[in-house]
Every structure is written in C-alpha cells, then in structure tokens.
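# below are the sequence and a predicted model; questions follow.
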Amino acid sequence: MDEQFDMQLNIVSSGKLKTKYKQKFHSKRQRVKAKIAGKVHKPVIKTASSSTSNNEKTPKTSDVNNDNVNKEQTKSVNVIKPKLSQSPLAQQHTKKHKLVADHESTPRDDLPAPPPSKVPRTGPFISSLFKSNPEIPKMDCSSVETIKEEIFTSKKFSDLPLNPNMITNLEGKMNMNNMTTVQQLAIPQILQGKDALVKSQTGSGKTLAYAVPIVQKLSGITPKIDRSHGPYAIVVVPTRELATQSYQVFMKICKPFVYIVPGCLMGGEKRKAEKARIRKGINILVGTPGRLVDHLKNTHGLILQHVQYLVLDEADRLLDMGYEKDVAEIINCLEHNASNQTRQTILLSATLTEGVERLAGITMYNPARVSVANEESESRIPVIKEIKQQSESQSVNKEENFAVPQALKQHFVITPCKLRLVTLVSFLLTKCRFSKKKNKIIVFLSTQDSVEFHHKLLNNIFCAKKKNTKVLKEKSESLESGSESEEEEYHVTELSFDLFKLHGDMLQKERTQVFEKFRSMDCGVLLCTDVAARGLDLPQVSWIIQYTTPGQTSDYIHRVGRTARVGAQGQSLLFLMPTECDYVQLLNEKQISLQEMPMINILKNLMFVVKYLKLPEDAKRQRPRTWEEAATAVHMLFETHVAKHPFMSELARQAYQSFVRAYATYPSHMKNIFSIKKIHLGHLAKSFALQDAPGKIGVVQSKKFQAEKAQEKKDFPKKKFRSNNVSEFSSGFGSHLGVTPRHRNLQKKIVQNQQMKERKKARKLAKKTAKNNK
Ligand SMILES: Nc1ncnc2c1ncn2[C@@H]1O[C@H](COP(=O)(O)OP(=O)(O)OP(=O)(O)O)[C@@H](O)[C@H]1O
C-alpha cells in the first residue's frame with residue numbers, strides 16, 4: 001500500500017509535472033509573486049509528515065485555480081490519504097523524523113510550492129525501510145520447564161579400569177579431570193562389549209565417551225596390534241570437519257600407544273594419497289560415509305577382517321542427509337568381510353530420532369541405551385540415574401523433548417522482513433566492534449548462496465583489508481570522539497572485523513583453513529550453512545545466530561549447541577519474521593525456553609555505527625539523527641553497493657532465489673508457520689539489498705514461461721545431469737582440486753543457456769518455415 005503511496009509521490013515529482021509547472025511559472029521571481037497572489041497550492045503530499053498548523057496554512061483544493069497541475073495533485077492526495085495507516089513503528093517514525101534516504105519531501109513554509117523532488121526518478125523504485133511493515137506481535141515469554149542434564153560428575157577417569165598410561169594422558173596432558181555424565185555412563189558399557197545407543201546433549205563429551213573405551217580395548221589386545229592388520233575400528237561421521245576433529249581426538253588419546261594408528265578419509269582429499277595411507281596401515285579409520293564406501297569397494301589394500309568396532313557419530317544427521325544407503329553399504333561390507341568375531345556398534349547423537357532407532361534395530365544387538373537426560377523424573381532434578389536398559393521392542397518416544405546446555409541463554413528477535421539485514425549487521429557490529437568483551441559468533445543461514453552473498457557484502461563494506469586501517473579504540477572513547485574515517489576511498493575503515501564463511505561448496509583446502517583459523521581465534525564471525533551445525537567443537541563461541549530458522553527442532557538444538565559447551569557460558573539469538581512467531585510456541589512445546597530481545601534494542605546501536613560510515617553523497621548532507629535514520633542510511637549503503645556492482649547484484653539475486661526455494665522445503669507440520677505465501681517478496685528482496693521488484697528477480701515465473709519451458713523439454717529431451725546444489729554434507733566425490741562444483745555448475749549453466757537459445761532459434765525457424773509452407 002505504502003509503496004503505491006511512494007509511487008504516487010514519484011508521479012507527482014516526476015518530470016511531467018515539473019515541466020508543466022515550469023511552463024506556467026518561468027522564473028523563481030514569478031513563482032514568488034504567484035505565491036503572494038495566492039495562485040499556487042502547496043502540495044498536500046506533505047500530509048505524510050505535516051502538522052495541522054501547516055495544513056491550515058495550505059489553501060484548500062477548491063481555492064486553487066482549476067489547472068492540470070492541481071488536478072494531478074488532488075488526484076494523488078485522494079489516493080494517498082487512506083494509505084497512511086502504517087505500523088506503529090512507521091507512524092512513530094514518520095511523525096518525528098525525515099529519513100535520510102527517504103523520497104518524501106517536507107515542503108517548507110517560506111517557499112512557493114516546489115515539486116517535492118528536484119530530480120525526476122528514473123531508476124528502480126526504492127521503498128522505505130520503515131513503511132508497510134507488519135506489526136510485531138506481543139509474545140508471551142513465560143519460561144518453560146526445561147530438561148536438565150548435569151554435565152560433569154564427581155568421578156574421575158582413574159575411577160575406571162583403564163590403562164594407567166591412558167589415565168596419565170587424559171588427566172595430565174589433556175586436562176580432563178572429571179568425567180562428564182555421558183562418559184561415566186557410556187564408557188563402562190562399551191568396555192563390557194555391549195552395543196550402545198548414546199544420547200546426550202551437545203558439547204557433553206560424546207567423542208571421548210566412545211574413543212576412550214575403544215583405544216583402551218585395542219591397547220589390551222595381545223599380541224599387540226599392528227598397523228599392517230588394517231582397521232579395528234571404523235568411525236563414520238557426517239561432515240569432513242567432524243571427521244578431522246574426531247581423528248584429532250583419536251590422535252591425542254593414542255599418544256601413549258604409538259602402535260595404534262588412527263587415520264582419516266574424507267571427500268575433497270586426494271584418493272591416491274589416501275590409498276597409499278591405507279596400504280601403509282590404519283587401525284582406527286575415521287571418515288565421511290561416501291568416501292568410506294568408495295575405499296571399501298575400490299581399495300584392495302583395505303583389510304576388513306579385524307574390524308571390531310563400528311561407530312556412527314551424529315547418527316541422525318547421517319540419516320537426514322541421505323547417507324542411509326552408504327551406511328547400509330558399510331555394514332554390508334563389514335558383514336561380508338569380517339571374520340567370525342562379533343562386532344560392537346555404537347550410535348551417538350544429541351537427538352535420537354525415529355530413524356536412528358530404526359537403524360539401531362537393524363545394526364545393534366540388545367543395545368545399552370545411554371540417555372543422560374532426567375526426562376522421567378517428576379522433579380526434573382538434574383541427578384544422574386542409572387542407564388536405562390530397554391529391549392528393542394520397547395516403544396520409541398516420538399514426541400522427543402530436547403535437553404540444551406544449562407548455561408545457554410536463548411533469545412529470539414522479531415524483525416519485519418525488510419529490517420532483517422540491518423538488524424543482523426547492527427548485532428554483529430555491536431558484538432564485534434563495540435563490546436568490551438571479545439565475541440566469537442556463528443551465524444547460520446539457510447543456503448550456500450545466502451552465505452556467499454552476505455559474506456561478500458559484509459566483507460566488501462566492513463571487513464575488506466584497507467590501507468591504514470585504524471584500530472577502534474574503546475567504546476567509551478570512540479563514542480565521545482565520534483571520529484570519522486579519514487580515508488576517502490572506502491566507506492569504512494574502523495568497523496572491520498574477522499569474517500569467515502563455511503559451506504559445502506567450498507574447496508576442501510579452504511574449508512579446512514577456515515575451520516582451523518576460526519577455531520584458533522577469540523573474536524570473529526563465521527557465516528555458515530548447517531554444515532557447521534553438528535558436532536563441531538569450536539572453543540569459546542559466545543553467540544549463535546540463527547538468521548534463518550531450521551527445518552527441524554533437532555537442528556535448532558545442534559546449532560545452538562556450538563556454544564555453551566562442556567559447562568561454558570553461551571548465548572543464542574533466533575531471527576523470526578512476524579509471520580513466524582508461532583515457532584517460539586513450537587520450541588516451547590519441546591521444552592525449549594527463549595526470551596525476546598526487542599529489535600529496537602539492536603537497531604539503536606546503529607547510531608554508533610553510522611559515526612564511522614562514509615555515507616554516499618546525497619545522504620551526507622544530513623547525518624542520521626535517529627536510529628531509524630541510521631538504519632536507513634546503513635541499508636542504503638548496502639543497496640547502493642549491490643546496485644553498483646553487477647556481480648553483487650547477481651549474488652543477491654541468487655541468494656534471494658535460493659532463500660525462496662529453501663523456504664518451500666519446511667516439513668509439512670511447519671508449513672502453517674513457514675509459508676512463502678505469507679512473505680512479502682518485495683520486502684524479502686529488500687532484505688537482500690535488492691531494489692528490483694520480485695517479478696524481475698525471476699523466482700515467480702510466469703505461467704507462460706513455465707509452459708514454454710515444459711514444451712521445450714518435450715520437444716528437445718536432453719540428458720540428465722546432476723543437480724547444481726551440492727549437498728552440504730557431500731563426500732566430495734565430484735570435487736577436483738582447483739575447480740569447485742560451483743565453478744563447474746556455472747560453466748554448465750552458461751553452456752546450457754547457449755543450448756537453450758539455439759533450441760529456441762531452431763523452434764522459431766521451424767515455426768516460420770511451417771507458416772511459409774502453409
Ligand atoms: N571430561 C572432560 N573434561 C573436560 N573437557 C572435556 C571432557 N570431555 C570432553 N571434553 C571437551 O568437551 C568438548 C566437547 O566434546 P565433544 O565434541 O566430544 O562433545 P559432543 O557431545 O560430541 O558434542 P556434539 O553433540 O556437539 O557433537 C571438547 O572440547 C572436549 O575436549
């Protein structure tokens with residue numbers, strides 16, 4: 001509605017009206033005379049921000065000469081009036097302030113009525129950031145009774161029947177004094193040789209819970225095991241980063257037992273080098289499913305007859321990501337090749353889904369179920385109970401509730417779609433540049449394209465390495481001085497922070513570098529997809545931001561679980577649009593409690609940010625005085641940057657499109673909350689700093705276009721080729737060094753487009769000749 005209102009303003013301020021106006025009054029002098037004579041009517045457009053007194057001064061339309069100009073103005077007023085109903089936020093804003101980049105003009109009393117804007121608008125229509133936003137609903141944030149899991153126990157590793165060298169290593173070198181609850185419960189079960197189904201909250205030390213007993217058992221085998229025997233244990237994990245991490249844990253634990261050799265196999269690495277390592281001998285094989293299957297099938301040097309342990313870590317993710325087939329193949333291979341000795345299977349996850357239970361039914365024999373959560377206790381006191389032993393036939397708790405770390409503070413913020421980007425940026429800058437505490441933040445986004453776009457945008461504007469970059473002083477100092485950038489060339493010199501990206505379509509080398517670098521930092525921001533949601537143990541992460549809501553509650557748990565690990569403090573922030581508010585209720589039902597963080601509290605900090613921004617020329621005349629103006633100025637900076645650089649525009653468009661596509665994939669029970677129909681696509685485009693109307697962006701394809709495409713497919717059936725979207729959890733079969741799947745897909749796209757054009761031409765030609773023949 002208000003966009004139409006703005007359009008009306010544009011019409012009024014357009015060249016057409018201006019010419020007519022100029023024709024009537026040639027010079028400024030004549031215009032002043034005309035005003036004195038009462039000939040000119042002040043445009044009523046002012047109503048958007050005018051006061052009553054101003055209106056009183058304005059001659060009524062009926063008083064004005066019946067010329068074309070006034071007809072048009074009257075028309076526009078008639079349309080405008082009913083459209084002034086805005087959200088309280090926008091009303092508050094329009095009453096008080098004039099936005100820096102807004103296209104409204106406030107007529108001055110001392111001048112004869114000028115056309116509202118001096119420059120006729122020719123470019124794309126830019127809507128205001130604070131208009132037409134839906135109201136932010138009031139939320140009931142009464143806290144929910146949460147499931148509690150005690151992390152540490154009073155028991156030490158030395159209380160278990162472990163090899164003294166193992167204990168010295170754990171306590172002396174690895175600084176593991178007390179066992180965590182899951183370790184205390186699971187290790188004895190695994191040492192007894194039982195299959196185990198382990199469920200415990202994120203960051204509770206599940207890796208050691210299986211690594212310690214496995215290495216302990218292997219160290220006890222006589223005669224001593226040798227690397228030439230091949231693997232005794234196979235550990236399957238869903239992501240490459242997790243594979244590296246688990247492998248490193250094994251390396252540390254095996255230090256006192258040099259004859260036990262751990263090894264890591266994962267997608268993205270050179271197969272040839274891996275084969276050579278396998279031939280040399282690996283006793284504990286950690287890997288991603290795809291690459292493991294590849295080696296199990298094709299690497300002849302891989303001897304499987306000694307395999308005694310199979311670990312499926314993050315089992316639910318393995319299934320979610322479609323690795324069920326690969327896991328089944330691994331189990332098949334083991335069954336065909338292993339000698340008669342029984343194999344012990346261990347399944348672990350922070351969330352045990354139905355699928356995992358099914359998998360457990362197939363792969364495990366009467367497993368010990370290790371669940372730390374005190375879910376059945378009436379009092380919900382976090383006291384550790386004994387392991388719950390259940391038979392396979394016992395019913396599965398489908399309505400699973402989730403335990404989150406006790407030291408985790410969870411928040412949500414409701415932002416109208418258009419304000420999402422500025423709110424995110426404001427939050428990141430506040431935490432990274434204006435907070436005395438060092439903050440390490442992980443931001444989860446729904447798609448790889450979205451990660452690419454936001455990374456590039458933030459990097460270009462805030463984080464790119466600049467010449468003479470000054471280090472920002474303490475907040476207090478900087479706020480007082482309000483010093484501005486001395487550098488002409490760039491927008492920002494002092495707001496830079498360390499920014500990283502991680503997603504499944506990056507080269508393995510880059511992924512590993514990012515992982516290692518972000519791991520070692522104590523401050524910085526990682527933008528990532530769900531590839532980093534599971535299992536990653538990144539120390540000192542202080543904030544988890546979920547910029548897009550995950551499809552499953554278990555994903556929510558795993559994402560927030562990257563902070564507040566092993567008893568540390570941590571906070572999380574979930575971004576919701578007003579239409580998505582019911583998601584809080586959904587989380588509450590799963591006993592997850594969140595508190596609201598008002599959006600205004602985040603946006604207000606932009607007042608500090610704008611002091612360091614070198615704003616574009618037109619906005620410079622009037623520096624932002626309110627947080628709304630600051631938000632608009634910052635957002636305009638993004639829009640200008642994206643509009644100016646075709647590459648950025650393309651990235652933004654792709655990110656927008658992939659967001660829309662991803663939004664359509666929420667599971668059916670969440671569709672009532674997450675429906676793309678509820679989202680204003682124009683507002684959504686704005687949250688990707690796009691100025692184009694959604695129609696132009698191309699997601700909403702016309703029926704004609706779709707029909708044409710369908711016809712084309714019929715006429716020219718073509719060979720299938722693999723989807724552009726490489727799974728986040730891709731084993732990397734397709735990746736070759738130097739060329740990412742993204743690059744190959746782009747090349748494919750270009751070739752495809754050319755082919756499509758040629759086909760179109762051929763069709764047209766065929767039609768023409770058919771016509772001529774007739
Ligand atoms: N007994 C212990 N004492 C101190 N720190 C420990 C202990 N056990 C594990 N840790 C540390 O806790 C961190 C988390 O461990 P780990 O990654 O195994 O957790 P997790 O339960 O597998 O988490 P997620 O479910 O997220 O994968 C690691 O940094 C590990 O070194």
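In hand now; what should we look at?
# around the ligand, pick out the residues from the stretch 301-450 of the chain.
Proximity of the stretch 301-450 of the chain to the ligand is assessed by Cβ under 6 Å from any ligand atom, with Ala350 identified as the residues in range. All C-beta spots, glycine's among them, are computed from the backbone N, C-alpha and C.
# again, but for the chain
For the chain, the residues found near the ligand under the criterion Cβ under 6 Å from any ligand atom are 176, 179-180, 183, 200, 202-208, 350, 535, 537, 561, 565-566.
# at 8 Å instead, please
Where proximity means Cβ under 8 Å from any ligand atom, the interface of the chain facing the ligand comprises 152, 157, 170, 174-180, 182-183, 200-209, 242, 245, 249, 313-314, 348-350, 534-537, 539, 558, 561-562, 565-566.
# which ones among those residues map onto helices?
Secondary structure assignment by DSSP state H places Val182, Gln183, Lys206, Thr207, Leu208, Ala209, Leu242, Gln245, Val249, His558 of the residues of the chain next to the ligand in helices.
# count of neighbours near the fifth one?
Right, the one you point to is Leu208. Taking other Cβ atoms under 10 Å as the criterion, the count of residues near Leu208 is 23.
# hmm, Val249 and it touching each other?
Yes - counting by Cβ atoms under 8 Å, Leu208 does reach Val249; the two are 6.9 Å apart.
# how about the residue lying closest to Met599 once chain neighbours are set aside, phi and psi?
With Cβ to Cβ, 6 or more residues apart in numbering as the criterion, Met599 has its nearest non-adjacent residue at 4.9 Å, and that residue is Thr415. Dihedral pair for Thr415: phi -130, psi 130, per degrees, to the nearest 10.
# for the stretch 401-550 of the chain, which spans come out with low pLDDT?
Low-confidence segments of the stretch 401-550 of the chain, defined by pLDDT under 70, are located at 401, 464-493.
# where are the low-confidence patches of the stretch 1-150 of the chain?
Using pLDDT under 70, the flagged stretches of the stretch 1-150 of the chain are 1-127, 142-143.
# in it, what residue lies closest to the ligand?
Glu149 (10.6 Å; Cβ to the nearest ligand atom).
# and that residue, what element?
When secondary structure is defined by DSSP states H and E, Glu149 falls outside every helix and strand.
# that one is in contact with Gln201, isn't it?
Yes - with contacts defined as Cβ under 8 Å, Glu149 counts as touching Gln201 at a distance of 4.9 Å.
# okay, those two: which has more neighbours?
Comparing Glu149 with Gln201 by other Cβ under 10 Å, the one with more neighbours is Gln201, at 27 against 23.
# so who does the nearest residue to that one once chain neighbours are set aside touch?
Counting by Cβ to Cβ, 6+ apart, Ala403 is the residue found nearest to Gln201 once chain neighbours are left out, at 4.4 Å. Under the criterion of Cβ atoms under 8 Å, 6 or more residues apart in numbering, the contact list for Ala403 reads Thr146, Ile147, Lys148, Glu149, Ser200, Gln201, Val372, Ala373.
# and His455, by the same measure?
Taking Cβ under 8 Å, 6+ apart, one finds Leu499, Phe500, Lys501, Leu527 in contact with His455.
# for the second one, what are its contacts?
When you say that, I think you mean Phe500. For Phe500, the contact set (Cβ under 8 Å, 6+ apart) comprises His455, Val514, Lys517, Phe518, Gly524, Val525, Leu526, Leu527.
# tell me the secondary structure at Gln513.
Secondary structure, DSSP: H, G, I helix; E, B strand; the rest coil: Gln513 is helix.
# run a quick neighbour tally on it.
There are 13 residues near Gln513, going by other Cβ under 10 Å.
# give me the phi and psi angles of the closest residue to Gly287 other than its chain neighbours.
Sequence neighbours aside, Leu265 is the residue nearest to Gly287 in space, at 3.7 Å (criterion: Cβ to Cβ, 6+ apart). When quoted as degrees, to the nearest 10, the phi and psi of Leu265 stand at phi -120, psi 130.
# gap between Leu265 and the ligand?
Noted for Leu265: a distance of 20 Å to the ligand, by Cβ to the nearest ligand atom, to the nearest Å.
# that residue contacts Gly290, doesn't it?
No - in this structure Leu265 lies outside contact range of Gly290 using Cβ under 8 Å: 9.9 Å.
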